[in-house]
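**Student:** From the sequence below, what's the structure:
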Amino acid sequence: TEHLIEQVVSPIRDRRNEVAGVVLVFRDIIEREHKQLGLLAGGIAHDFNNLLTAIMGNISLASLLIPATDEMTTRLADAKNASMRARDLAQQLLTFARGGAPIKKTAPLTRLVQDTVSFCLRGSQSRSECDLEDNLWPSEIDSGQISQVIANLVVNAEQAMPTGGTLHVTCENFRHGSGKNAMVPDLPSGEFVKITIRDEGVGIPEQNLKRIFDPYFTTKPKGNGLGLATAYSIVKHHKGLITVESEVNKGSTFTLYLPAAAHVAVPEETGYAGVKELSGTGRVLIVDDEEAIRTLVEFTLTHLGYKVCSAATALEGVELYRQKLQAGERFDCVILDLTLPGGMGGRDALKLLLEIDPSVNAIVSSGYAMDATMSHYQDFGFRGVISKPYEAAELGRTVREVIESGRIKLVPDLDLQAVG
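**Tutor:** Below is the predicted model of the structure:
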């Protein structure tokens, strides 16, 4: 693997001030370069995701406002998918740069795999054959990141078959033993979801297999070497494993092992979610410095039945919350952007809100997934999280869940001894 080296040369002088030798110092600065890249990537991803929130949000909102049978839904779906690919590109750079901690939720994988494979092969000469086990276990994942892993592997396989071919995708439940019963090296014992992606392409030479997941390593003229490195990083952050087997001129097989949540009940995968399924009631405060996002959230949530107010800074939002609380018009939910101008971000704003109202229901939102607040939001007092860019349906669903859970907690416990 290539490394970036910084060199310093200093002369060694004797008593007569003549050069008697030299000192050579070599420093491996690859870690420093990666940190700088991480800071740059984080800033770019944050700004890019803010723009995409306005784009994706308005596209998905338009989809909610027209009948599901309307021909325009297909056009809007294409626009949304293109926006999601743009989002994935930003996330890919961010994840590779050692950021983007996964925001995990227990989720089913069947539809995620099907939709990602189908989208990535649209317009391709290749086709897919999917064999997905019935009753496939769910997994605790960041759905966006795992979709990105699948997409990277599918695109890699498709590029390995320049004249077309068949991509074989299988998903199955997998129990891995320990000791003598261990079948997969480096995989701990336990229950996993096993995803296999096999192509019929040119294959990978044996001398390249050990470097296939190295950043910047690529054998493709137009490749950047980030796709497989990003996939490896994401799977590792999910406490999973990714392996590869290949034979030149016969094809390659990539296998993912994701820890299963075999005994956790998850909601059934649903398709189109309309206004009725997302509607709710209550007062919502959105605090975000981007006017386009405030406008989008106000319009979306108002259309779903909520009363919405907005603020551009943390101090403005805290003061507005205080005024409404004193007036007897408490907000049922507050959406706080993590990064706000003026020195106070969403996390510090929540501390002030908790002093005013210990039962405040707050959702943290950001396009900067490197912050631990996004992946461990409950540790900081938030009741929910929504990553930018998000769709109207995701916004509506998250707000409704947080408000409903907050109302349950506000109901006083019954005095069972006084009953009867």
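
**Student:** For the stretch 201-350 of the chain, which segments count as strands?
**Tutor:** 241-247, 251-259, 283-287, 307-311, 333-337 (DSSP state E, counting those that start in this stretch).

**Student:** List of residues touching the second one?
**Tutor:** By that I understand strand 251-259. Here strand 251-259 makes contact (Cβ atoms under 8 Å, 6 or more residues apart in numbering) with 109, 139-141, 146, 149, 153, 156-157, 160, 174, 176, 184, 187, 190-201, 203-204, 235, 238-246. Using the backbone N, CA and C atoms, a C-beta is placed for each residue, glycine as well.

**Student:** now these: which count as buried?
**Tutor:** 109, 139-141, 146, 149, 153, 156-157, 160, 174, 176, 187, 192-201, 203-204, 235, 238, 240-242, 244, 246 (16 or more other Cβ atoms under 10 Å).

**Student:** most tightly surrounded among the strands of the stretch 201-350 of the chain?
**Tutor:** Among those, strand 333-337 has the highest mean neighbour count (mean count of other Cβ atoms under 10 Å), at a mean of 28.

**Student:** I'd like the mean pLDDT over that one, please.
**Tutor:** For strand 333-337, the mean per-residue pLDDT is 97.

**Student:** chain center to it: distance?
**Tutor:** 19 Å (Cα atoms, centre = their mean, to the nearest Å).

**Student:** Run the angle between that strand and strand 283-287 for me.
**Tutor:** 10 degrees (axes from the mean of the first three to the mean of the last three Cα atoms, to 10 degrees).

**Student:** and the angle for strand 333-337 with strand 307-311?
**Tutor:** 30 degrees.

**Student:** What pairs with strand 333-337, parallel or antiparallel?
**Tutor:** strand 283-287 (parallel), strand 362-366 (parallel) (DSSP bridges).

**Student:** wait, which of these is closest to residue 121?
**Tutor:** Closest approach to residue 121 among the strands paired with strand 333-337 is made by strand 362-366 (32.0 Å; Cβ to Cβ).

**Student:** send the alpha carbons of the helix or strand that the closest one is followed by over as PDB?
**Tutor:** Counting by DSSP states H and E, the next helix or strand C-terminal to strand 362-366 is helix 372-375. The C-alpha coordinates for helix 372-375 follow below in PDB (Å, rounded to 0.1, in the frame of the first residue of the first chain):
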ATOM      1  CA  ALA A 372     -21.800  11.600  17.900                       C
ATOM      2  CA  THR A 373     -25.100  13.400  18.600                       C
ATOM      3  CA  MET A 374     -26.600  11.900  15.500                       C
ATOM      4  CA  SER A 375     -25.700   8.300  16.200                       C
END
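
**Student:** Distance from helix 372-375 to the middle of the chain?
**Tutor:** On Cα atoms, centre = their mean, the centre of helix 372-375 falls 11 Å from that of its chain.

**Student:** any idea how far residue 233 is from the nearest residue to residue 228 once chain neighbours are set aside?
**Tutor:** Excluding the flanking residues, the one nearest residue 228 by Cβ to Cβ, 6 or more residues apart in numbering is residue 213, at 5.3 Å. Distance of residue 213 to residue 233, computed by Cβ to Cβ, to the nearest Å: 9 Å.

**Student:** and the chain, what are its domains?
**Tutor:** Following automatic domain parsing, one gets these domains for the chain: 39-96, 109-259, 275-410.

**Student:** Tell me which of those domains lies nearest to residue 28.
**Tutor:** domain 109-259 (14.5 Å).

**Student:** Pull the residues that contact stretch 292-307.
**Tutor:** Outside stretch 292-307, the residues that reach it (Cβ under 8 Å, 6+ apart) are 50, 53-54, 57-58, 61, 64-65, 275, 278-284, 286, 288, 308, 310, 312, 335, 337, 388, 392, 395-396, 399.

**Student:** Repeat that for stretch 316-329.
**Tutor:** 283, 285, 287, 309, 311, 330-331, 334, 336, 349, 352-353, 356-357, 360.

**Student:** how about 10 Å then?
**Tutor:** 283, 285-288, 307, 309-311, 313, 330-331, 334-337, 340, 342, 344, 346, 348-353, 355-357, 360, 362 (Cβ atoms under 10 Å, 6 or more residues apart in numbering).

**Student:** And the helices in this protein?
**Tutor:** 30-65, 72-96, 110-120, 143-159, 206-209, 227-237, 275-278, 291-303, 314-326, 346-356, 372-375, 392-410 (DSSP state H).

**Student:** do you know which of those lies nearest residue 134?
**Tutor:** helix 110-120 (9.1 Å).

**Student:** got the CA coordinates for that closest one in CSV?
**Tutor:** The C-alpha atoms that make up helix 110-120 are tabulated as CSV, following Å, rounded to 0.1, in the frame of the first residue of the first chain:
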residue,chain,number,x,y,z
THR,A,110,-35.5,-7.7,1.8
ARG,A,111,-37.0,-4.6,0.1
LEU,A,112,-33.8,-2.6,0.7
VAL,A,113,-31.8,-5.1,-1.3
GLN,A,114,-34.4,-5.5,-4.0
ASP,A,115,-34.8,-1.7,-4.6
THR,A,116,-31.1,-1.0,-4.5
VAL,A,117,-30.2,-3.7,-7.0
SER,A,118,-33.1,-2.8,-9.3
PHE,A,119,-32.1,0.9,-9.3
CYS,A,120,-28.4,0.4,-9.9
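
**Student:** the inter-axis angle of that helix versus helix 143-159?
**Tutor:** 40 degrees.

**Student:** Show me what helix 110-120 packs onto, helices and strands only.
**Tutor:** Packing partners of helix 110-120 (3 or more Cβ pairs under 10 Å, 6 or more residues apart in numbering; DSSP states H and E): helix 72-96, strand 127-132, helix 143-159, strand 166-176, strand 190-198.

**Student:** Looking at the ones you listed, which one is packed in the most?
**Tutor:** helix 143-159 (a mean of 23).

**Student:** neighbours around the residue nearest to residue 228, how many?
**Tutor:** 18 (other Cβ atoms under 10 Å).

**Student:** again with residue 67
**Tutor:** 9.

**Student:** measure the residue lying closest to it once chain neighbours are set aside to residue 213 for me?
**Tutor:** The shortest distance from residue 67 to any non-neighbouring residue, by Cβ to Cβ, 6+ apart, is to residue 73 (7.9 Å). According to Cβ to Cβ, residue 73 stands 39 Å off from residue 213.

**Student:** taking the mean pLDDT, what do you get for stretch 40-48?
**Tutor:** 72.

**Student:** Chain neighbours aside, what residue packs nearest to residue 177?
**Tutor:** residue 189 (5.7 Å).
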